[in-house]
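A.B. asks: Next comes the sequence, and after it the predicted model I'd like to discuss.
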Amino acid sequence: MDHLLHLDRTLDELDPPRWPPPPADATRLVRTVHELRRVPLGALGAADLRMLVAQRVALPFVLPLAVRLLLEEPLLDAYFYEGDLLLAAVSAPPAAWTLLPEPAARLRAVITRLPEAALADLPRGAAEELARFSAGT
């Protein structure tokens, strides 16, 4: 199933069950994630994808979208710093990537082509996390 064919649909539609409204005392993060589940996939931006991936929400649908952006700009600054979307993606559970072998392989290829100098500017531990993902472990 090509998840990118559903860009006009929302995560609430594609990843049942639909989530109820967040509790009245929910944090901003929880409210935002709930709101993002009602946005069509094609309208999600890099920061939205980073948040959904980091929160491990509907990964079979959001990881391919994140990879699509990362293929064009691997060190994309989605919100916090250069490479934040990449690091969120490679930190997703291995089981999620098992369901997405083609996007995982494409992302691994991109990572192996990153220059050493680019890795030096990433947060501490990032190079190890990228190496772990690239090794498939």
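C.D. replies: On my side now, so go ahead. Every value quoted in this text rests on a predicted model; they were computed, and no experiment measured them.
A.B. asks: could you dump the longest helix along the chain to CSV, C-alpha only?
C.D. replies: Longest helix in the chain, counting residues (DSSP state H): helix 59-72. Extracted in CSV, the C-alpha atoms of helix 59-72 (Å, rounded to 0.1, in the frame of the first residue of the first chain):
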residue,chain,number,x,y,z
LEU,A,59,4.3,6.0,11.9
PRO,A,60,3.4,3.9,8.8
PHE,A,61,1.8,7.1,7.4
VAL,A,62,4.1,9.8,8.6
LEU,A,63,7.5,8.2,8.2
PRO,A,64,7.2,7.9,4.4
LEU,A,65,6.2,11.6,4.3
ALA,A,66,9.2,12.5,6.4
VAL,A,67,11.5,10.5,4.2
ARG,A,68,10.2,12.2,1.1
LEU,A,69,11.3,15.6,2.6
LEU,A,70,14.6,14.1,3.8
LEU,A,71,15.5,12.8,0.4
GLU,A,72,15.5,16.4,-0.8
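A.B. asks: Any idea which residue is closest to the centre of the chain?
C.D. replies: Val53 (3.9 Å; Cα atoms, centre = their mean).
A.B. asks: SS state for that residue?
C.D. replies: Here Val53 is helix, with the state taken from DSSP: H, G, I helix; E, B strand; the rest coil.
A.B. asks: what's the answer for Leu49, then?
C.D. replies: helix.
A.B. asks: contacting residues for it?
C.D. replies: 62, 65-66, 69, 78, 85 (Cβ atoms under 8 Å, 6 or more residues apart in numbering). Where C-beta positions appear, they are placed from N, C-alpha and C, glycine not excepted.
A.B. asks: Following the helix or strand harbouring Leu107 in sequence, what is the next regular element?
C.D. replies: Using DSSP states H and E, Leu107 falls within helix 101-112. The first helix or strand that comes after helix 101-112 along the chain, using DSSP H and E, is helix 116-120.
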